[in-house]
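Undergrad: Build me a model from this:
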Amino acid sequence: MSRFLYDGTPEGLVSAIAEILDGGADSKKATIVERRNLLFEEGLFIRTDPARVEAFFSKLRQRAPDAVHTLWYFTMAEAKEMENSLLRYIALAFEHGDRINGHLTDSDVKAIVGIARKAGRELHRMKGLLRFEQLRDGTYLARMEPDHDVIQPLAHHFSRRLRAQLWYIYDVKRHSAAYWDGKSLSFGTLEQFSKPELSDEEKAVQQRWQAFFRTIAIPERKNPRLQKSNMPAKYWKYLTEKQAEG
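TA: Residues are numbered from 1 along each chain as shown. You can find the predicted model right below:
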């Protein structure tokens, strides 16, 4: 059997990859597809096994820790129809160890590494672009619409930086939210925070910040092209200082 089916979840995909590689199947000939529940669907369905996923990644981490880091970023990208490239990347990671990310002449390695790097760059960028606004109940909210699903690592980053405040990070695009209660993080969906009501103090602070931004801006040195390169326009929607230009 060279065609394998999984349930469409990341854990299910890794379970299928583990089954293929642990079972000695040829990763170049094997094919993984999401099960569609069709009447005559061909392929061996691999059930999701969290314990197996954990053991598989533990083994990969020992062999190629940098590859595991790449896979971590790759999962944030929510890439579609990349199952077989991921299978071959992991198979090569077991074979070559951490040298795998240098094998960019291989189309599967190049695709996985390229996508992972894009997600990693956006995560790094969002750490500097996220803006927290104070709500009427005293908590803080930061809204965003990133290309990649970076809310979990971003929330962990701010849980170390903003430990004294109570705050939410809301991904408007995915309707998902992270909440820091001063002690621990929790994740879920919070539709009501898509249009928060700002506190009067926050409105005053934003007005002062916008005025400051206008004051320091030197028209003769304005370089929109450079600004968009360092801070792409797609992120401006939730930047307080850019609202001054609206």
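Undergrad: domains of the chain?
TA: Residue ranges for the domains of the chain, per automatic domain parsing: 3-122, 130-243.
Undergrad: State the helix or strand in which residue 133 lies.
TA: According to DSSP states H and E, residue 133 maps onto strand 132-134.
Undergrad: Please spell out which residues along the next helix or strand along the chain from that strand are buried.
TA: Going down the chain from strand 132-134, the next helix or strand is strand 140-144, by DSSP H and E. Under the neighbour-count criterion of 16 or more other Cβ atoms under 10 Å, strand 140-144 has 140-144 buried. Every residue, glycine included, has its C-beta placed from N, CA and C.
Undergrad: Repeat that for stretch 34-48.
TA: With burial defined by 16+ other Cβ under 10 Å, the residues of stretch 34-48 counted as buried are 34, 43, 46, 48.
Undergrad: Do you know the pLDDT at residue 136?
TA: Here, the pLDDT recorded for residue 136 equals 82.
Undergrad: again with residue 37
TA: Predicted confidence (pLDDT) at residue 37: the value is 80.
Undergrad: Now residue 187: which helix or strand?
TA: For residue 187, the host element (DSSP H and E) is strand 185-188.
Undergrad: Point out the ones among the buried residues of stretch 34-48 that are inside strands.
TA: Secondary structure from DSSP state E places residue 34 of the buried residues of stretch 34-48 in strands.
Undergrad: farthest pair in the buried residues of stretch 34-48?
TA: 43 and 48 (15.4 Å; Cβ to Cβ).
Undergrad: And the strands in this protein, which stretches?
TA: Read by DSSP E, the chain holds these strands, from start to end of the chain: 3-6, 31-34, 44-45, 132-134, 140-144, 167-171, 176-180, 185-188.
Undergrad: What residues sit buried inside the first one?
TA: Which is strand 3-6. Applying a neighbour-count criterion of 16+ other Cβ under 10 Å, one finds 4-6 buried in strand 3-6.
Undergrad: which helices and strands does it pack with?
TA: Other helices and strands packing on strand 3-6, by 3 or more Cβ pairs under 8 Å, 6 or more residues apart in numbering; DSSP states H and E, are helix 10-22, strand 31-34, strand 44-45.
Undergrad: looking at it, residue 96 is touching residue 109, isn't it?
TA: No - using Cβ atoms under 8 Å as the test, residue 96 is too far from residue 109 to be in contact (9.4 Å).
Undergrad: So these two - more neighbours on which side?
TA: The residue with more neighbours, out of residue 96 and residue 109 and counting by other Cβ atoms under 10 Å, is residue 109; that gives 22 against 16.
Undergrad: measure that one to residue 87 for me?
TA: Residue 109 is 12 Å from residue 87, where distance means Cβ to Cβ, to the nearest Å.
Undergrad: swap in residue 68?
TA: Distance, residue 68 to residue 87, by Cβ to Cβ: 15 Å.
Undergrad: These two: which is more packed in?
TA: When residue 68 and residue 87 are compared on other Cβ under 10 Å, the one with more neighbours turns out to be residue 87, at 24 against 17.
Undergrad: Return the set of residues that bridge with residue 187.
TA: residue 178 (DSSP bridges).
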